[in-house]
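Engineer: what's the 3D shape of this:
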Amino acid sequence: MTSPTLSQRLHRLEAIEAVRRLVGEYARGADRRNDPCIMGPLFHEDAIWEAEGFGRCVGRKAITSHLARIGAEQIVWSLHYMVSPVVEVNPDLRSARCHWYLWELAHIQQDGVRSAHWIGGWYNSELSEVNGIWRFLHVQLDLRLVHSNGEDWMPAMA
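Structural biologist: Model (predicted):
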């Protein structure tokens, strides 16, 4: 087995950083009620997004529409912490997997009433780079905690 060249090692580190930035942009879009203008460019045209209890979508347009609906109707305020991303770049340096934890403060709306919730779980994703741009191919959210906070907090409005 040959050792990676300096160029390959650098390309791998650049890929890891690009994927971490993508995860950060996902959080930024999610915290803006799943803004389609932010979320859309993060996904390949034929991407898949899924989360038990929230559904499964195939295709960028379906994903952004579905996520925007969640932001308008269900999770109407959120603050996402994307924690400890682990990026595994494949030997081709153009595809990768990323796993990270979710810790989220949220207002969930049900029957017109908002209540504060803690949400936790983890994401598993597959990504690829085309023409220098990394995007999600598949995002799967595995929710492990959706729990009412008991006390309602009032987020500062931006």
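
Engineer: Mind checking the pLDDT average for whatever helix or strand A116 lives in?
Structural biologist: In the assignment (DSSP states H and E), A116 maps to strand 113-130. Throughout strand 113-130, pLDDT has a mean value of 97.

Engineer: After that strand, heading C-terminal, what element do we hit next?
Structural biologist: Immediately after strand 113-130, counting by DSSP H and E, sits strand 133-148.

Engineer: which strands and helices sit next to that following strand?
Structural biologist: helix 6-30, strand 43-51, strand 95-110, strand 113-130 (3 or more C-beta pairs under 8 Å, 6 or more residues apart in numbering; DSSP states H and E). Backbone N, C-alpha and C define where each C-beta goes, glycine included.

Engineer: Can you show me the CA trace of the strand holding A116 as PDB?
Structural biologist: What follows is strand 113-130, C-alpha atoms only, in PDB (Å, rounded to 0.1, in the frame of the first residue of the first chain):
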ATOM      1  CA  VAL A 113     -49.800  26.700  20.700                       C
ATOM      2  CA  ARG A 114     -46.100  26.900  20.900                       C
ATOM      3  CA  SER A 115     -44.100  25.100  23.600                       C
ATOM      4  CA  ALA A 116     -40.400  24.900  24.400                       C
ATOM      5  CA  HIS A 117     -38.700  21.500  23.600                       C
ATOM      6  CA  TRP A 118     -35.400  19.800  23.800                       C
ATOM      7  CA  ILE A 119     -34.600  17.800  20.700                       C
ATOM      8  CA  GLY A 120     -31.600  15.400  20.400                       C
ATOM      9  CA  GLY A 121     -30.300  12.700  18.200                       C
ATOM     10  CA  TRP A 122     -27.800  12.200  15.500                       C
ATOM     11  CA  TYR A 123     -27.400  12.700  11.700                       C
ATOM     12  CA  ASN A 124     -25.800  10.200   9.300                       C
ATOM     13  CA  SER A 125     -25.100  11.600   5.800                       C
ATOM     14  CA  GLU A 126     -23.500  10.700   2.500                       C
ATOM     15  CA  LEU A 127     -22.000  13.500   0.400                       C
ATOM     16  CA  SER A 128     -20.200  14.000  -2.800                       C
ATOM     17  CA  GLU A 129     -18.300  16.700  -4.600                       C
ATOM     18  CA  VAL A 130     -19.100  17.800  -8.100                       C
END
